[in-house]
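In: Okay, structure incoming, though there's no sequence with it:
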């Protein structure tokens, strides 16, 4: 009987991890579509206004769904959530301003460089060097971005801001894993606090910088559609799933799965904004996907070997 229970627990855990990885891949697809949609929304409102409206919806929905837990949240959990919300705000400011100043395709490509940065942070904070397989996969993904983005050697201001956002994304993935370890706060409550933090900060900065919005503009159908897509799918669903998945997976694996985002971004930019798909773009996309698979396998193999260490002093790489 005990052997049967152990078998069920082991296979349940595997399916749970598989489901988490599949969910992250869906996030990559949705976020890939977010670049052309965000660029469309920015035709109507300024950056800070878009962030404010987007997270007003997110904060309202997630707070209503999780208000009981939010009221009872511990001070330490709340502080950790605020810190993650501040990082999230910085990501969206850099990324959205970057999207407004570069192409949707470039933005999707450059953001995937977080796959190079995340392993360095993840393994570095654990005081371990990344395995050669993971380093090689990161370099391959980076090379794929270089192939895709013709101007990677001469970044524009928009490209540079998206690059900053990529670094902040890596910081977010690693920080979420560490700050939320062994905490009772659910992924829904965490998303609610994070989104509320972003909303408040966006409103404050919008007020300080004198950002104004024409009410007649925000009621137009194309903007409303873009806002709802960005709020419900790209923010509420995506960040809830990411907060849930990163607890059941490793930051490095999450980052490599998310590196498929530019491939989806390329496809949706072509559909929504009619940006062309070239042979160069297809080659770069194939390199990114190859790097993703190699990186996931390398990371999983290293963590499996480490967890089976006899002396017990070398636990999981993410501590």
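Out: Perfect, I can see it now. What you see is a predicted model, and the numbers here were worked out from it, not measured in a lab. Residues are numbered from 1 along each chain as shown.

In: average pLDDT for stretch 34-44?
Out: Across stretch 34-44, pLDDT averages out at 89.

In: Contacts for it, please.
Out: 50, 96, 99-100, 104-105, 107-108, 217-218, 220, 222-223, 226-227, 229-230, 234, 265, 268-269, 271-273, 275 (Cβ atoms under 8 Å, 6 or more residues apart in numbering). Every C-beta, even on glycine, is put in place using the N, C-alpha and C of the backbone.

In: so where is the protein shaky, pLDDT-wise?
Out: The chain contains residues with pLDDT under 70 at 1-17, 149-155, 243, 246-252, 255, 275, 299-319.

In: all helices of it, in order?
Out: 2-41, 47-71, 75-101, 104-111, 114-125, 132-148, 157-179, 187-209, 215-218, 221-228, 238-248, 251-258, 261-273, 279-307 (DSSP state H).

In: Turn those helices into TSV, columns for mean neighbour count.
Out: Converted to TSV, the helices of the chain look like this (neighbours: other Cβ atoms under 10 Å):
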stretch	mean neighbour count
helix 2-41	17
helix 47-71	20
helix 75-101	20
helix 104-111	28
helix 114-125	23
helix 132-148	20
helix 157-179	21
helix 187-209	21
helix 215-218	10
helix 221-228	15
helix 238-248	21
helix 251-258	28
helix 261-273	22
helix 279-307	18
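
In: Could you measure from residue 82 over to residue 179?
Out: Distance of residue 82 to residue 179, computed by Cβ to Cβ, to the nearest Å: 10 Å.

In: Settle this for me: residue 140 is touching residue 291, isn't it.
Out: Yes: Residue 140 is within contact range of residue 291, at 3.7 Å (criterion: Cβ atoms under 8 Å).

In: measure stretch 203-221 end to end?
Out: Chord length of stretch 203-221, first to last residue, is 23 Å (Cα to Cα, to the nearest Å).

In: For that stretch, which outside residues touch it?
Out: The contact list for stretch 203-221, computed with Cβ under 8 Å, 6+ apart, reads 44-46, 48-49, 52-53, 93, 223-224, 227.

In: wait, what's in contact with the residue positioned nearest the centre of the chain?
Out: Centrality entry for the chain: nearest residue to the mean C-alpha point is residue 169, 6.0 Å, by Cα atoms, centre = their mean. Taking Cβ under 8 Å, 6+ apart, we find residue 169 in contact with 91, 111, 114, 117-118, 258.

In: Distance to residue 20 for the residues you listed - can I get that in CSV?
Out: CSV is the format used below for the contacts of residue 169 (distance: Cβ to Cβ, whole Å):
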residue, distance to residue 20
91, 21
111, 21
114, 18
117, 21
118, 16
258, 13
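
In: which of the contacts of stretch 203-221 sit farthest apart?
Out: 93 and 224 (22.9 Å; Cβ to Cβ).

In: Surely residue 237 is in contact with residue 30?
Out: Yes: contact criterion Cβ under 8 Å: residue 237 and residue 30 qualify, at 7.3 Å.

In: ok, now how distant is residue 212 from residue 23?
Out: Distance from residue 212 to residue 23, by Cβ to Cβ: 38 Å.

In: Residue 278 now?
Out: In this view, residue 278 and residue 23 are 31 Å apart by Cβ to Cβ.

In: so who does residue 109 touch?
Out: By Cβ under 8 Å, 6+ apart, residue 109 lies in contact with 145, 148-149, 262, 265-266, 284.

In: repeat that for 10 Å
Out: 35, 102-103, 144-150, 152, 159, 162, 261-263, 265-266, 281, 284-285, 288 (Cβ atoms under 10 Å, 6 or more residues apart in numbering).

In: try residue 92
Out: Per Cβ under 10 Å, 6+ apart, neighbours of residue 92: 38, 47-48, 50-51, 54-55, 165, 168, 198, 201-202, 235.

In: Please tell me I have it right and residue 120 contacts residue 130.
Out: Yes: Residue 120 is in contact with residue 130 according to Cβ atoms under 10 Å; the separation is 6.7 Å.

In: Now for the nearest residue to residue 265 once chain neighbours are set aside: which residues touch it?
Out: In space, and not counting its chain neighbours, residue 265 is closest to residue 108: 2.5 Å by Cβ to Cβ, 6 or more residues apart in numbering. Taking Cβ under 10 Å, 6+ apart as the criterion, residue 108 is in contact with 28, 31-36, 99, 145, 148-149, 162, 261-269.

In: And for residue 142?
Out: Contact analysis of residue 142 by Cβ under 10 Å, 6+ apart lists 112-113, 115-117, 152, 259, 287-288, 291.

In: now these in JSON lines, with distance to residue 136?
Out: What follows is these, written out as JSON lines (distance: Cβ to Cβ, whole Å):
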{"residue": "112", "distance to residue 136": "16"}
{"residue": "113", "distance to residue 136": "16"}
{"residue": "115", "distance to residue 136": "12"}
{"residue": "116", "distance to residue 136": "11"}
{"residue": "117", "distance to residue 136": "16"}
{"residue": "152", "distance to residue 136": "19"}
{"residue": "259", "distance to residue 136": "14"}
{"residue": "287", "distance to residue 136": "12"}
{"residue": "288", "distance to residue 136": "14"}
{"residue": "291", "distance to residue 136": "8"}
